[in-house]
Every structure is written in C-alpha cells, then in structure tokens.
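**Q** got a predicted model here, sequence first, then my questions.
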Amino acid sequence: MPLETLLTLKGWRRCGLAALLGICAAVALPPFYGLPLLVPAFAGLFLLVCHAANGRQAFSDGWWWGLGHFTVGLYWICISLWVEPEKFAWLTPVALFGLPAIVALYIALVTLLLHYAYHRWHVKQALKLVLCFAALWVGAEYLRAHLFTGFPWNLIGYVWTVSDVTVQFASVVGIYGLSWVTVIVASMPALFWYPGQAQTAIFPNFSAAGLLLGMVIFGVWHLDTHPTQMTDVKVRIVQANIQQSLKWDERMALQGLKKHTHLTASEGIDSIKLVLWPETAVPYYIKGKSPITEDLGSFIPRGSLLITGGLRSDTYNNSVAWNSVFAIDKDGNVVAEYDKHHLVPFGEYIPLRGVPGVDWLIERIAKGMGDFSRGPGPQTLDISPYPRVSPLVCYEAIFPDEATDGMHRAQWLFSLTDDAWFGISSGPFQDLEMARMRAVEQGLPLLRAANTGISAAFDAYGRTLAQLPLEKEGVLDLYLPKAEAQEPIASRYPKSWVLFLIAGNMILLFLHRKKY
C-alpha cells in the first residue's frame, strides 16, 4: 500500500496503524531493544499527525499509538493479579488496557499540540516541526513523571540502555535529554516524505546521524577515561528467590527468613562488611532493637552491617506502618532506617480513600487492604564507618529526580525490590535498566538486591559488575565501587535543566515561525 494511502486512512484502519507504530516503539525498549523499529514508530506518527484532517484525528492518532505502546510495554502488571487469582484475576482486562488507556493521553496531548503547531501556529518548516515534536514529547514525559504522583515507566530514552556506551550521555543530559535525542533521530527520516522537503532532507538527517555518532564517541571516551575503582568494603547481595505466593503465608514466612540467613552465613561471610537483603525480606514488624534484630545480627561478623527491607510500625496494633529499610549491627541495634516515600498507587496505598463512594468500591475490590504511610522523602543514610548510602525501595528507582536528597551527596545507591510479583516477564528487566540509569545520572555505584531477581551491581558509570538471573537463589560478593570523583552535570545542576532548555527552544520556534 503506498505511503500516501496509509497516511490518509480513516476509521479502524487508521487506529490500528497508529497502535502498530506504538507497539514498534515498545519493542525498542528493554529487554528486546529493537532499535531500528524506532524509525517507523516516530517518523510514522509524525507523518500521521501532519496528515490528520483535524485536531480530533491528531488526538486519536496519539492515543491509539500510546495504547499500543503501553499495552505491550506494561502487560506484565497483569501477572501480579494472578498471585491471588481468587481476589484479583477478574481485574486483568482493567490492568491490561485501563492503565495504558490513561497513560496514552500524554501521547495524545503531544500529537494534538503538534497538529496545532502545524495548522494554527504555522510551524510548517519540517526541521522546526521535528524539533517541536521532540520538545513536546519530553515535556509530556516530564508531566507523566510528576502529575498524579507520577509514573515515568519506560521513558523512551531508556532504549539507550542497550549498551554501556550509549547510556553514558545520560551523565550530561539525564534521561529526558536521551528521550529528546531519541525522538529527533527517529523522526528525522520523516522529512523525506514531508511535502516539499524531500530535496532538503539529507542535511538534517546527516545532522541527526552526527548527533547519534557524537553520543557514541562521548560514551567510548567516557568509559575509557573512567575505569571502575573499588573501595575496600566487601559486600554480599542476597537473592533468596522466594515465590510471592509463599512470602506472606504465615506458615512459610519464617522459612523464607531462614533462607535469607542461611545464604548470608554461607562460605566467605567472615570478610563481608555489608550484607544487602531485598525489599521486605523481613516479613515482620521491626520497632528498634528487638529479639528479631538480635537474631538477624547474629548471622553477620562483628563490625559488619545488615541492610534489609522490612516493615516498621510505631503503634501497638501496627495500624500505622511503613515499608522501610533498616541497617542492623551485630548486636541487633538499628543504626539507621529509612521509610519509603514514593508509594505504589493501589499496591501500597489506595488513592482517594475516604472520598464518598471510594471506600465502598475498595471493600469490593481489595477488602481488608491497608495503606502504608509515606516517608519524609529521599534520604542519605550515615552508616559509618562505611560510605553513606541513598536507599531506593523498588518503585522509587524509576523517578529521575528522587534518587538522592539533593543536600547530602551519597557515595552509593542501594535499590532493594521484590519483582516476584511479575514472574519471568519484561517488568523485572525494565526495572533493572531504569535503576542502572540512576547510577549513570548520579555518578554513583548502584547495588540492587531483588527477591527473585534480577540482583546486580553497577559501577558509577552503569557498567555491570555482577548479576544474578531471574528465579535463581544465590549471593553476589564484590567490593563496593567508588563514586565518580566529580558529580555529573545531570546531577550537579538543577533537576531536569535539559527539559527547560528544550522548552525554551520550542518557544523560540514559535516566536520565529514562518507563516504561509
């Protein structure tokens, strides 16, 4: 079918084409990395919007693109509903299509504004329109990361986690800057089919290729001039591989804890200084020094620390609780603690609880489900004599602006998670790569402890030093890497500064637009 015919399709055929293009972009993300598919995904969407008959059709193009994209990218969320199928399996269609339908509105907003830029704001010079497209896209990603508690999962810049080389540019521009590069490079071929622009499309495409080549050259240089350096602090990461259906079973909880302690005390423990356990590895409430913490401390050497996820409560009946991190010494003292502050909606708390009608619905969907309380925010924990650490509990690792507290620079990041909810699927791989991006942006090594995997250790430049695959029990022993000596630009300057530069660029485009 000729391209011109495709671009003027109507009805369900046009919707299907847009959804297919969105799926192409999803396949370019981890763990598949089908990067060549970015070109039809973004160039195709760009041309569809330029050929849209009106704003309504442009909005529809973006929404269907987003629906295809996020349905394929987020399908793994449905797997968690089958951990307790008798309660939640019926929600599978809602999770599979409902969340993508909502998140797709951000893409629809981009395409609607791009349509207005073309038809109402008279930005018709093709190169300017591509730059406008990239700026709008990054703006929408920023909004997605912040509105309604935020959901920055699978920002398009994560396609560059395909290699250590291409991810290095994030140390300068952050994940939003990588998204900007992605949209420009992937959309530029559309100029060959843009009305009246085919003759002048070669130079912009060479420029886009040069931008990509420059990113690669920078990555090679950055890695070559910054070898991995280690401290003398030896760390053990424990991956016990406990299935989610058993973890909170009262009859099996103690067995899971014993599995963690057995792996902790395995051969080589005498030289370990820090032991890292995953999120809620301790399925009991911890309230300062107690028989539980004393038992946990007995498995580590004198002078060492166990850093683990667990539950914290300061009330007698545990009615107020936090999803927390504890640093415990040999004697069972809690020397530092952190409460997760960015909670998962519907997973760790119910939004709008207390609103008339919402409580009635909750009782029918998630009867008896309580809420975790929110911690005060990102923190740097002092665990002297060992390097200061910033903990990221599961979901928190996906937020670019919340990796550290901004006031007290940590010397390493610790991401602890429980991806057992999602089985062997794309979810754990995507989660891993987003955590790795935080290491590159912050110039800090990141160690990750995951219940069923993927546990891993990255240096301050995102290089993988050690890794345990999904659904395998074991330990990783290594020396803690050093932080980058100089804080990267992406971390040193105000958060998301690239976003504001891009927004300024878009404003200049409108101020200097050429009217036809």
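**A** Structure's in. What do you need?

**Q** what ranges does the stretch 301-450 of the chain have for its strands?
**A** Listed in chain order, the strands of the stretch 301-450 of the chain (DSSP state E, counting those that start in this stretch) span residues 305-313, 321-329, 334-339, 389-393, 412-417, 446-450.

**Q** try the chain
**A** Counting by DSSP state E, the chain has strands at residues 230-239, 274-276, 282-286, 305-313, 321-329, 334-339, 389-393, 412-417, 446-450, 455-458, 464-468, 474-481.

**Q** pick out the shakiest of those strands, pLDDT-wise.
**A** With a mean of 89, strand 282-286 has the lowest mean pLDDT of these.

**Q** need the residues that contact that strand.
**A** Residues from elsewhere that reach strand 282-286 (Cβ atoms under 8 Å, 6 or more residues apart in numbering): 247-248, 253, 256-257, 292-293, 296, 308-313, 318, 321, 324, 326, 334. For glycine as for every other residue, the C-beta is placed from the backbone atoms N, C-alpha and C.

**Q** 10 Å instead, please
**A** Residues from elsewhere that reach strand 282-286, judged by Cβ atoms under 10 Å, 6 or more residues apart in numbering: 242, 247-250, 252-254, 256-257, 260, 290, 292-293, 296, 306, 308-315, 318, 321-322, 324, 326, 328, 334, 337.

**Q** are any of those residues buried, and if so which?
**A** For the contacts of strand 282-286, a burial check counting by 16 or more other Cβ atoms under 10 Å picks out 242, 247, 252-253, 256-257, 260, 292-293, 296, 306, 308-313, 321-322, 324, 326, 328, 334, 337.

**Q** could you measure from the residue nearest to residue 287 when sequence neighbours are not counted over to residue 346?
**A** Nearest residue to residue 287, sequence neighbours excluded (Cβ to Cβ, 6 or more residues apart in numbering): residue 313, at 6.4 Å. Plainly put, residue 313 is 22 Å away from residue 346 if you go by Cβ to Cβ, to the nearest Å.

**Q** ok, now residue 474?
**A** Going from residue 474 to residue 346 by Cβ to Cβ gives 32 Å.

**Q** now swap in residue 181 and tell me
**A** Distance from residue 181 to residue 346, by Cβ to Cβ: 33 Å.

**Q** still on that earlier bit, could you check the strands of the stretch 301-450 of the chain and tell me which one is nearest residue 467?
**A** strand 446-450 (9.0 Å; Cβ to Cβ).

**Q** and that closest one, how far out from the chain middle?
**A** Taking Cα atoms, centre = their mean, to the nearest Å, the mean C-alpha location of strand 446-450 is offset from the chain mean by 14 Å.

**Q** okay, now the sheet partners of that strand, with direction.
**A** strand 412-417 (parallel), strand 455-458 (antiparallel) (DSSP bridges).

**Q** what residues sit buried inside stretch 402-409?
**A** Result for stretch 402-409 [16+ other Cβ under 10 Å]: buried residues 402-404, 409.

**Q** would TSV of those with distance to residue 33 and pLDDT be doable?
**A** Putting those into TSV (distance: Cβ to Cβ, whole Å; pLDDT from 0 to 100) gives the following:
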residue	distance to residue 33	pLDDT
402	26	89
403	24	89
404	28	90
409	32	89
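
**Q** please tabulate the strands of the chain in JSON lines and include distance to residue 164 as additional columns.
**A** Putting the strands of the chain into JSON lines (distance: least, Cβ to Cβ, whole Å) gives the following:
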{"stretch": "strand 230-239", "distance to residue 164": "18"}
{"stretch": "strand 274-276", "distance to residue 164": "23"}
{"stretch": "strand 282-286", "distance to residue 164": "34"}
{"stretch": "strand 305-313", "distance to residue 164": "27"}
{"stretch": "strand 321-329", "distance to residue 164": "28"}
{"stretch": "strand 334-339", "distance to residue 164": "29"}
{"stretch": "strand 389-393", "distance to residue 164": "21"}
{"stretch": "strand 412-417", "distance to residue 164": "17"}
{"stretch": "strand 446-450", "distance to residue 164": "14"}
{"stretch": "strand 455-458", "distance to residue 164": "10"}
{"stretch": "strand 464-468", "distance to residue 164": "8"}
{"stretch": "strand 474-481", "distance to residue 164": "14"}
